[in-house]
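> whatever this is, show me its structure:
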Amino acid sequence: MNWASIELLVLDVDGVLTDGRILSSVEGGWEKSFYVQDGCAIKLWSQMGGQVAIISGRSEPALDRRAAELGIQTVFKGVSDKTAALEAILSSSETDARCVAYVGDDLPDLGPMSRVAFPVAVANAHSAVKRSALYVTWRAGGQGAVAEVVEFLLRKQGRWSTASYTAIGVDGKS
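Model (predicted):
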């Protein structure tokens, strides 16, 4: 695996950025819970020059709000064919699939996972998704799995110490 080539991180939402639960509000809408450490890691990945894209089978305002907070501009929502969405992302970003990590948890993620260099399953993913992954996180979706993947990638790329100092705003010198 050429770790240095991984530049694009593509994320599923429900079960990856969230714990997979969808809560119905009194007003009839849906509520989601996002994990703050995942958001911090996504910002760090971007600060270190990485790209982030989201592919979701659902379409809700909470996703738009969270993506905007994190500076994620490439968001495909309400998607029934995640492989086609991934192909559109690759085409528009002019990124080769060999430079992509995809994090998923459920059967619709199998298609895009089969196309990328580094397919990742979260700890609580469907067993078929885990079998197709090159890496299975220790942390569950919505509980820091994305943060774990970002740290893993930056460590493999030899950029973790610089990245972690960047995140806390120091120069890394004692």
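> now the helices for this protein?
For the chain, applying DSSP state H gives helices covering 36-47, 61-70, 82-93, 110-115, 127-132, 145-156, 160-168.
> on contacts alone, who are the packing partners of the fourth one?
Contacts of helix 110-115 with other secondary structure elements, assessed using 3 or more C-beta pairs under 8 Å, 6 or more residues apart in numbering; DSSP states H and E, are made with helix 82-93, strand 100-104, strand 118-121, helix 127-132. Yep, even glycine has a C-beta here, placed from its N, CA and C like the rest.
> please work out which residues outside it touch it.
10, 55, 81-83, 85-87, 97, 100, 102, 104, 119-121, 128-129, 132-133 (C-beta atoms under 8 Å, 6 or more residues apart in numbering).
> okay, buried residues for stretch 41-50 please.
Neighbour counts using 16 or more other C-beta atoms under 10 Å place 41-46, 48, 50 of stretch 41-50 among the buried residues.
> reformat those as JSON lines; add distance to residue 21 and pLDDT.
Converted to JSON lines, the buried residues of stretch 41-50 look like this (distance: C-beta to C-beta, whole Å; pLDDT from 0 to 100):
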{"residue": "41", "distance to residue 21": "21", "pLDDT": "95"}
{"residue": "42", "distance to residue 21": "21", "pLDDT": "96"}
{"residue": "43", "distance to residue 21": "24", "pLDDT": "94"}
{"residue": "44", "distance to residue 21": "26", "pLDDT": "95"}
{"residue": "45", "distance to residue 21": "25", "pLDDT": "96"}
{"residue": "46", "distance to residue 21": "27", "pLDDT": "95"}
{"residue": "48", "distance to residue 21": "31", "pLDDT": "93"}
{"residue": "50", "distance to residue 21": "28", "pLDDT": "96"}
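> will you turn the residues you listed into a markdown table that also has distance to residue 150?
Converted to a markdown table, these look like this (distance: C-beta to C-beta, whole Å):
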| residue | distance to residue 150 |
| --- | --- |
| 41 | 4 |
| 42 | 7 |
| 43 | 10 |
| 44 | 6 |
| 45 | 5 |
| 46 | 10 |
| 48 | 9 |
| 50 | 8 |
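> for these, which one is nearest residue 148?
Set against residue 148, the nearest of those by C-beta to C-beta is residue 41 (8.2 Å).
> residue ranges in this structure under the pLDDT threshold?
Low-confidence regions of the chain, defined by pLDDT under 70, span residues 23-25, 28-31, 164-174.
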